[in-house]
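Q: Using only what follows, build the 3D model:
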Amino acid sequence: MTAPDERLGEVTEVADGVRLQFRRSWPDPVEDVWAALTEPDRLLRWIGSYEGERRVGGSGTFTMTHEEQPVGEPMRIVECDAPRRLVVEWDTEEGWRVQLDLTEEDGRTVLLFTQLFAAGTEVTDYVLGWHWYLDKFAAEVSGGTPPGHWDAFYAELGPAYGRQPG
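A: The predicted structure follows:
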């Protein structure tokens, strides 16, 4: 998927499945971006809550509280190299694994969000969902305005991902 909007996710077929990546950046220090990813009060404002062990190998329950029907899902922290890398896995049927890598480039903190799906997975709805959450994350980092209601967001960005509102 390509479009002039640099916020769009990129979906690539790879040997072991389908890879989704988003690349976002901010002028904020890496420590502040990391804090928005991991501190409970900031995490709650953009995506949800995590109740459990906060260490590599630790497990707990992650709830995406901005969903229509929030449901706690088992999650495990696979890797954590603060403030540079966090890898988590949801213990679901799909076996979600999300990698969040922070680097500094030209005075900006860059977030590379990566999720790998099984081969043949239709990922468009996941891409749209993560795009919405990452826009909420950007507002948390920068103090900007978060995206509006899902329906308005979908109407605006759905076509960029091949989805028509309606």
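Q: Now residue 111. Nearest residue, chain neighbours left out?
A: residue 24 (4.8 Å; C-beta to C-beta, 6 or more residues apart in numbering). Bear in mind the C-beta positions are built from the backbone N, C-alpha and C, glycine included.
Q: From the chain's centroid, how far away is the longest helix seen in the chain?
A: In the chain, taking DSSP state H as the definition, the longest helix is helix 124-142. Here helix 124-142 is found 6 Å from its chain centre; the criterion is C-alpha atoms, centre = their mean, to the nearest Å.
Q: Which stretches in the chain count as helices?
A: Using DSSP H, helices in the chain cover 30-38, 40-46, 124-142, 150-157.
Q: Of all those, which one is nearest residue 93?
A: Nearest to residue 93 among those is helix 124-142 (14.0 Å), distances taken as C-beta to C-beta.
Q: what residues does that closest one touch?
A: Identification of contacts with helix 124-142 by C-beta atoms under 8 Å, 6 or more residues apart in numbering yields 1, 7-9, 11, 20, 22, 24, 26, 28, 32-33, 36-37, 42, 45-47, 64, 66, 111, 113, 115, 117, 144-147, 150, 153-154, 157-158, 161-163.
Q: what's the answer for stretch 45-58, then?
A: Residues contacting stretch 45-58 (C-beta under 8 Å, 6+ apart): 36, 40, 43, 59-66, 70, 72, 75-80, 133, 136-137, 139-140, 146.
Q: What subset of the residues you listed is buried?
A: 36, 43, 60, 62-63, 66, 75-77, 80, 133, 136-137, 139-140, 146 (16 or more other C-beta atoms under 10 Å).
Q: from those, which is closest to residue 123?
A: Distance to residue 123 across these (C-beta to C-beta) is lowest for residue 133, with 14.6 Å.
Q: Now that residue 113 has come up, it's in contact with residue 100, right?
A: Yes. Contact criterion C-beta atoms under 8 Å: residue 113 and residue 100 qualify, at 5.9 Å.
Q: which of the residues in the helix or strand of the chain with the lowest mean pLDDT are buried?
A: Between all helices and strands in the chain, the lowest mean by mean pLDDT, DSSP states H and E belongs to helix 150-157, at a mean of 91. Residues 153, 154, 157 are the ones in helix 150-157 that count as buried (16+ other C-beta under 10 Å).
Q: One more: stretch 85-100?
A: So for stretch 85-100, counting by 16+ other C-beta under 10 Å, buried means 86, 87, 88, 89, 96, 98, 99, 100.
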